[in-house]
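K.L.:
Only the shape, not the letters, is given here:
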């Protein structure tokens, strides 16, 4: 059997493999599949469970504990605090994201090339890796049958404003717009790593240990030779069975928060001062418009396209319909008022303003988990205010009767006139309400060990045999959905992993 | 339409949902009082409050111990909102639903971020659970299962070579508004 779970482990069990990959998301699944295809004996270790497509459903109460880390209760501390979501299951965040496949823009890759002083992370060197990934996950535009009215409305609104709107290319095979991206696609169309890279890896002989949380690297004579974890009892959620994996190389792909948390649990000589620094998160502000007619935003692809008119200023706008449970948790009302607002759910268009980070936070070790810290600065705050005002204006121009704004002291705008008060009322960074799903940059890649955590092979400067392949490698924010860039880097690293004989 | 097994609320894929976190009777009363004031009074069933608080306790099991403890401590602190807001001496568990609701609205609208932040957990846990129930869906005229079933069937035909036509596009607006 190639996928094991808690019930399959025995105390003190040790598995052997040539390469152990921790994580099965955009980084881990890709690196592991590439290595397995190259003939390596690969063993994945995944903290979450294995949930086949047939088990996915539209119910949040079932999906959130199954598929999301900490049942969705993850938070970045700062001003303001920023809730974030990431997957914890086979497939990682690719199972619960929108599946957008935007490449890192050329200007970003040029910057990476300049920062590292090497062409490895430049647009020309990375292009073949992007091509390979896009072929594997079937990145392509949406068929018209999958597009919903909220996407059409936003596109038309952008056109009337004279703004550039671009249709998304997504990781999908015959997507029919069921709009269940956030709870896992039950149609099997979205090409998450659960359906693309993991089956490929398993077909080349890879194995996968699920429900095992890695808490330690196994280090011998200065080299990483495996990982030590504990299986999580699904009923009690206690880590009760120790599981060890011995290997010749280790690839860590736990994401930009969990990877530095794991690595900071060790001291390999002098701690790399860059580890856990440069934490980037593409914060988002939600703008929910209520129209006087039904739109049924929950029918049709979760995000059909993006307003990219302000991309050079680091601002992207898009729609993203969420189920009523998620929407209700974000609106500023309780009790009957909340129900009255939610009765307009079919007339809601849920949109957001994404701002490219202009500065960074940190990830350190907290009491029993990672502690992410990040506060927006004045420049980013200014861009949020501008983005929210522009997006709300678009909605009013398209006929919205009300817009719910992401400000704790100014939640409702009933007209364009109300939007003029944004700049006056939003002087404090504490009143804006943000969230994020893009976490990046805490183990940055580079050619100089003083300014990076891993080298251009993806190997830790301080620990031979230990590689990183996830979003924590990014030297800067990408400003777009990071999935394909993570996958491209993971493909590159898989080709550079050295497995000693 | 018969509900396809693939869209069942509790799919049987041999995965086990955790038992709810054990809390004291007093903490449980706080959960119930907060849920009662945060959720709409109607529609509900007899078991709504029990179901919603039970699910919140299940979710706590998936969080790091420190986060779960902080969340519970935050709710216990909220229980004494009348005291630290200088509006009374009795905790929320001993007030009427209307009074609890008023206190929580004031906390939600506080100008102080740390005070507002106390409501993040209860709002997220209780609202997302309540608005995921079938009776709440009916109140919103939201019914995803038949739609998703129809889309699964559409994709099945597509995989067999029958490409969908314009009549299968999703249109609710006759035209984009002028």
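P.N.:
Perfect, thanks for sending it. Just so you know, these numbers come straight off a predicted model, no measurement behind them.
K.L.:
how about the helices in chain A?
P.N.:
For chain A, the helices defined by DSSP state H occupy A:28-37, A:60-67, A:106-116, A:123-136, A:149-161, A:197-203, A:255-263, A:324-330, A:335-342, A:378-397, A:416-419, A:422-425, A:483-496.
K.L.:
Same check on chain B?
P.N.:
Counting by DSSP H, the helices of chain B are B:25-38, B:48-61, B:65-79, B:81-84, B:97-108, B:113-117, B:120-122, B:128-130, B:134-140, B:144-159.
K.L.:
Adding mean neighbour count and distance to chain A, write those out as TSV.
P.N.:
C-beta here means a position set from N, CA and C on the backbone, and glycine is covered the same way. Shown next, in TSV, are the helices of chain B (neighbours: other C-beta atoms under 10 Å in any protein chain shown; distance: least, C-beta to the nearest C-beta, whole Å):
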stretch	mean neighbour count	distance to chain A
helix B:25-38	19	5
helix B:48-61	21	4
helix B:65-79	18	4
helix B:81-84	16	13
helix B:97-108	18	5
helix B:113-117	16	4
helix B:120-122	22	7
helix B:128-130	27	4
helix B:134-140	17	5
helix B:144-159	18	4
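K.L.:
Nearest residue to the residue positioned nearest the centre of chain A in space, ignoring adjacent ones along the chain?
P.N.:
Ranked by distance to the mean C-alpha position of chain A (C-alpha atoms, centre = their mean), the top residue is residue A:438 at 4.2 Å. Nearest non-adjacent residue to residue A:438, counting by C-beta to C-beta, 6 or more residues apart in numbering or on different chains: residue A:282, 3.9 Å away.
K.L.:
Check residue B:74 too.
P.N.:
Nearest one to residue B:74, counting by C-beta to C-beta, 6+ apart, is residue B:118 at 5.0 Å.
K.L.:
same check, this time on residue A:183
P.N.:
Nearest one to residue A:183, counting by C-beta to C-beta, 6+ apart, is residue A:63 at 4.0 Å.
K.L.:
cool, and residue B:144?
P.N.:
residue A:58 (4.2 Å).
K.L.:
burial of the one you found, as a residue count?
P.N.:
Per other C-beta atoms under 10 Å in any protein chain shown, the neighbour tally for residue A:58 reads 25.
K.L.:
is it true that it touches residue A:183?
P.N.:
Yes. Using C-beta atoms under 8 Å, residue A:58 is in contact with residue A:183, at 5.8 Å.
K.L.:
mind listing what residue 116 touches?
P.N.:
No chain specified, so I'll use chain A. A:445-448, A:452, A:456, A:475 (C-beta atoms under 8 Å, 6 or more residues apart in numbering or on different chains).
K.L.:
looking at chain B here, not the other one
P.N.:
Counting by C-beta under 8 Å, 6+ apart, residue B:116 makes contact with A:408, B:107-110.
K.L.:
Quick check: the gap between it and residue A:277.
P.N.:
Remark: distance between residue B:116 and residue A:277 (C-beta to C-beta, to the nearest Å) = 29 Å.
K.L.:
For chain B, give me the ranges with low pLDDT.
P.N.:
In the predicted model, chain B carries pLDDT under 70 at residues B:1-5, B:174-178.
K.L.:
let's go with 90 and repeat that
P.N.:
By pLDDT under 90, the low-scoring segments of chain B are B:1-16, B:171-178.
K.L.:
related to what we said a few turns ago, would you check that the residue nearest to residue B:74 makes contact with residue B:104?
P.N.:
No. Using C-beta under 8 Å, residue B:118 is not in contact with residue B:104; the gap is 9.4 Å.
K.L.:
shared neighbours of these two, anything?
P.N.:
With C-beta under 8 Å, 6+ apart as the test, residue B:118 and residue B:104 both reach residue B:78.
K.L.:
Closest one of the contacts of residue B:116 to residue B:153?
P.N.:
The nearest member of these to residue B:153, counting by C-beta to C-beta, is residue B:108 at 42.9 Å.
K.L.:
what's near enough to touch that closest one?
P.N.:
A:332, A:334, B:116, B:119, B:123.
K.L.:
wait, which of the residues you listed is closest to residue B:91?
P.N.:
Minimum distance to residue B:91 across those is 16.3 Å, recorded for residue B:119 (C-beta to C-beta).
K.L.:
OK, contacts around the closest one?
P.N.:
Residue B:119 neighbours (C-beta under 8 Å, 6+ apart): B:78, B:104, B:107-108.
K.L.:
ok, so what distance separates it from residue B:126?
P.N.:
Counting by C-beta to C-beta - residue B:119 and residue B:126 are separated by 10 Å.
K.L.:
low-confidence ranges in the stretch 401-501 of chain A?
P.N.:
For the stretch 401-501 of chain A, the ranges with pLDDT under 90 are A:423, A:427, A:501.
K.L.:
can you tell me the residue of it closest to chain B?
P.N.:
In the stretch 401-501 of chain A, the residue that lies nearest chain B is residue A:430 (4.3 Å; C-beta to the nearest C-beta).
K.L.:
ok, the residue nearest to residue A:137 when sequence neighbours are not counted - contacts?
P.N.:
Leaving aside its sequence neighbours, residue A:137 sits nearest to residue A:171 (C-beta to C-beta, 6+ apart; 3.9 Å). Residue A:171 makes contact with A:94, A:99-101, A:137-139, A:190-192, A:196, A:483, according to C-beta under 8 Å, 6+ apart.
K.L.:
One more: residue A:13?
P.N.:
A:241-244.
K.L.:
quick one: stretch A:78-89 near chain B?
P.N.:
Yes. Using C-beta under 8 Å from any C-beta of the partner chain, we find that stretch A:78-89 touches chain B at A:79-81, A:83.
K.L.:
Return the member of the residues you listed nearest to residue A:360.
P.N.:
Distances from residue A:360 to those, taken by C-beta to C-beta, are shortest for residue A:79, at 14.8 Å.
K.L.:
and that closest one, how many neighbours?
P.N.:
Neighbour count of residue A:79, defined by other C-beta under 10 Å: 16.
K.L.:
How about the one 10 residues further on?
P.N.:
For residue A:89, the neighbour count with other C-beta under 10 Å is 27.
K.L.:
and if you look at residue A:254?
P.N.:
There are 28 residues near residue A:254, going by other C-beta under 10 Å.
K.L.:
again with the one 3 residues further on
P.N.:
Using other C-beta under 10 Å, residue A:257 has 25 other residues around it.
K.L.:
What of residue A:421?
P.N.:
Residue A:421 has 12 nearby residues by other C-beta under 10 Å.
K.L.:
re the thing from before, determine which two of the contacts of residue A:171 are furthest apart.
P.N.:
A:100 and A:196, at 14.8 Å, using C-beta to C-beta across the contacts of residue A:171.
K.L.:
returning to what we had before: what touches both of residue A:58 and residue A:183?
P.N.:
residue A:323.
K.L.:
quick one on the thing from earlier: so what pLDDT did the residue nearest to residue B:144 get?
P.N.:
pLDDT, residue A:58: 94.
K.L.:
Could you do the one 3 residues further on as well?
P.N.:
Residue A:61 is assigned a predicted lDDT (pLDDT) of 94.
K.L.:
which ones are touching the spatially closest residue to residue A:140 that is not a sequence neighbour?
P.N.:
Using C-beta to C-beta, 6+ apart and skipping residues adjacent in sequence, the residue nearest residue A:140 is residue A:169, 5.8 Å away. Residue A:169 is in contact with A:100-102, A:134, A:139-141, counting by C-beta under 8 Å, 6+ apart.
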